[in-house]
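Participant: predicted coordinates and the sequence they were generated for:
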Amino acid sequence: MKTPRSAPTPARPAVHADHRSPRLRSPIANASRSPLPSSTRKPISRSLTALCLLAVLTAASVAQCRSAHAGDWPQILGPNRDGAAAGEKLPNAFPVGGLAAAWRAAIGEGYAGPAVAGDRVVVFHRQGERENVTAYRLKTGEKLWEAGFATAYRSGIDPDQGPRCVPVIAGDAVIAYGPAGGLHCVGLTDGRVRWSRPVLEELNGDEGYFGAGSTPLVVDGLVLVNVGGRNNAGVAAFSLTTGKTVWTAGQEDASYAAATLTQREGRPVALFVTRYSCLALEPATGKTLFRFPFGKRGPTVNAATPLAFDGRVFVTASYGIGAVMKRWDAAVPLDAPADVWANDESLSSQYSTPVHFQGYLYGTHGREDVGRAALRCVSAKTGAVVWEVEDFGVANVIRAEDKLLIVGTDGVATLATASPLRFEKLGSARVPADQRAITRALPALASGRLVVRTNVRGGDGGELLCVPISP
């Protein structure tokens, strides 16, 4: 594997303990400094890159998402990979005594968040020289099964040596993708290994700065992975049943962004943000539908998942790359999304993915390792910053109906309304009791429970916490 000469500074955990007194910039104050419409700005450079969905679904993606129960969180960013928790409700306030875990389990290293389907919580973590896929019972924390895979992965940049990719639950199968590029499939019911392949090695890919970290996408019996392999193997599709290679496509380096699923004129489309591009592929064949530059050479990463909604495609990154909104509905050519707006001032996210709700984006702008990120509400139509909470810190946002659950890397969960009128905080509480714990991994919201993975500073593993949070 190739080792880069330089790398982006590893994100360091924020040290603030609460958001009880945020410095809130008013909408009026923001209006004077909101980015101008794209027609009055210079377009951002197209030689950019990348650490660290949908409004309408095709029949295939609906079947895929609904193969799990309503209220499940079977993959990264929820059922549709857009941060929205289907069928979930959030309370109007947190309990007076704060949030308490119903159960906790000690786990190993890694930043891979949990996935939930039915009564099972699945987490991917490293203990010693093994990467383990472990299932727990959602209500009680009972350990149900564990499947282990040998690993010799070593990161020279981040002290944490564990998995980065959230496991994907697809029907009765669980897909896990390790930092050394091992792609594994186990049974959801019993954890029995169905197949396992060192795809990064086989396709001559590169571990990058922090190991392989682009969570696979399962579509119609295919496992799609941004492997970053050579010889036209930037993206590859493998059979969910057998693990055999079905197709490879493109000279695309790997990113840390997960792909997502959308549709165009009744056709399923897989959206990828790779190291230097955003591209749309036909899942069954790997045929490229469109591709535009997105990324930047040097010590940068692309890590936020692309969003597709209302005939639009939104991508975001930090490191001077910025955010891009494209129009991609039936009125524009299939191979040429139209510019809507692009800048590095609206919502440039280092690795967390914003959520979209009723024409507005909610997420964090800035980096964890440089300065302090701001929580923002941004107009999806214009890119204008509507409101901002300065110095909030990098956070992962979940939306349930018209409320937001915002889990910061400092372990503090903030409850707020999803409204462009103002930032209305309904409550905040620390989730992990261990003051050393950070919560960088993506959380899950399923069946009225917030499932959070913690890491202890220094790369010594952490805990899996299940916190009841329904009204």
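Facilitator: In hand now; what should we look at?

Participant: in stretch 142-152, which residues are buried?
Facilitator: Along stretch 142-152, the positions that meet the burial threshold by neighbour count (16 or more other C-beta atoms under 10 Å) are 144-145, 147-149, 151. Every residue, glycine included, has its C-beta placed from N, CA and C.

Participant: sorry, wrong one. I was asking about stretch 84-95.
Facilitator: 84-86, 88, 90, 94.

Participant: sorry, back to before: which of the buried residues of stretch 142-152 sit farthest apart?
Facilitator: The span of those, defined through C-beta to C-beta, is set by 144 and 151 at 22.3 Å.

Participant: lowest-pLDDT helix or strand in the protein?
Facilitator: The element with the least model confidence among the helices and strands of the chain, by mean pLDDT, DSSP states H and E, is helix 27-31, at a mean of 35.

Participant: lowest pLDDT pick from the buried residues of stretch 84-95?
Facilitator: On pLDDT alone, residue 86 ranks lowest of these, at 91.

Participant: once you drop chain neighbours, what's closest to that residue?
Facilitator: In this structure, residue 86 finds its nearest non-sequential neighbour in residue 79, 5.1 Å apart by C-beta to C-beta, 6 or more residues apart in numbering.

Participant: residue 450 contacts residue 413, correct?
Facilitator: Yes - judged on C-beta atoms under 8 Å, residue 450 makes contact with residue 413 at a distance of 7.1 Å.

Participant: any shared contact partners between those two?
Facilitator: Residues touching both residue 450 and residue 413 (C-beta atoms under 8 Å, 6 or more residues apart in numbering): 99, 405, 407, 431.

Participant: out of the residues you listed, the closest to residue 244 would be?
Facilitator: Within the shared contacts of residue 450 and residue 413, distances to residue 244 taken as C-beta to C-beta reach their minimum at residue 407, with 38.0 Å.

Participant: hang on, that closest one in a strand?
Facilitator: Yes - the assignment for residue 407 is a strand, going by DSSP: H, G, I helix; E, B strand; the rest coil.

Participant: residue 168 - how many residues pack around it?
Facilitator: Other residues lying near residue 168 total 24 when counted by other C-beta atoms under 10 Å.

Participant: what do you get for the one 5 residues further on?
Facilitator: When neighbours are counted by other C-beta under 10 Å, residue 173 registers 19.

Participant: for residue 241, see how far away it is.
Facilitator: Distance, residue 173 to residue 241, by C-beta to C-beta, to the nearest Å: 8 Å.

Participant: find the residues that touch each one of those two.
Facilitator: residue 194.

Participant: from the buried residues of stretch 84-95, which is closest to residue 272?
Facilitator: When the buried residues of stretch 84-95 are compared for distance to residue 272 (C-beta to C-beta), residue 84 wins out at 20.5 Å.

Participant: where do the strands sit along the stretch 51-200 of the chain?
Facilitator: All strands of the stretch 51-200 of the chain, identified by DSSP state E, counting those that start in this stretch, fall at 103-107, 115-117, 120-127, 130-137, 143-150, 168-170, 173-177, 182-187, 193-198.

Participant: excluding its backbone neighbours, what's nearest residue 291?
Facilitator: Setting aside the residues directly before and after it, residue 291 is nearest to residue 279 in space (C-beta to C-beta, 6+ apart), at 4.1 Å.

Participant: what packs against the host helix or strand of that neighbour?
Facilitator: Here residue 279 is covered by strand 277-281, with elements defined by DSSP states H and E. Packing contacts for strand 277-281, counted by 3 or more C-beta pairs under 8 Å, 6 or more residues apart in numbering; DSSP states H and E, involve strand 267-273, strand 288-293, strand 312-317.

Participant: give the pairing partners of that strand; include direction for each.
Facilitator: strand 267-273 (antiparallel), strand 288-293 (antiparallel) (DSSP bridges).

Participant: distance from that strand to the middle of the chain?
Facilitator: Offset of strand 277-281 from its chain centre (C-alpha atoms, centre = their mean, to the nearest Å): 17 Å.

Participant: returning to that earlier point: can you report phi and psi for the residue nearest to residue 86?
Facilitator: Main-chain torsions, residue 79, degrees, to the nearest 10: phi -50, psi -40.

Participant: hmm, residue 85 and residue 78 touching each other?
Facilitator: Yes - with contact defined as C-beta under 8 Å, residue 78 counts as touching residue 85 (5.7 Å).

Participant: who does the closest residue to residue 257 other than its chain neighbours bridge with?
Facilitator: Taking C-beta to C-beta, 6+ apart as the measure, residue 257 lies nearest to residue 273, with 4.0 Å between them; neighbours along the chain are not counted. When bridges are taken as DSSP bridges, the partners of residue 273 come out as residue 278.

Participant: same question, residue 149
Facilitator: Using DSSP bridges, the beta-bridge partners of residue 149 come out as residue 131.

Participant: please report the distance of it from residue 367.
Facilitator: From residue 149 across to residue 367, the span is 32 Å (C-beta to C-beta).

Participant: low pLDDT regions in this structure?
Facilitator: Along the chain, segments meeting pLDDT under 70 span 1-70, 458-459.

Participant: now with 50, please.
Facilitator: With pLDDT under 50 as the threshold, the chain has low-confidence stretches at 1-7, 9-68.

Participant: what segments of it are helices?
Facilitator: Listed in chain order, the helices of the chain (DSSP state H) span 27-31, 59-65, 199-202.
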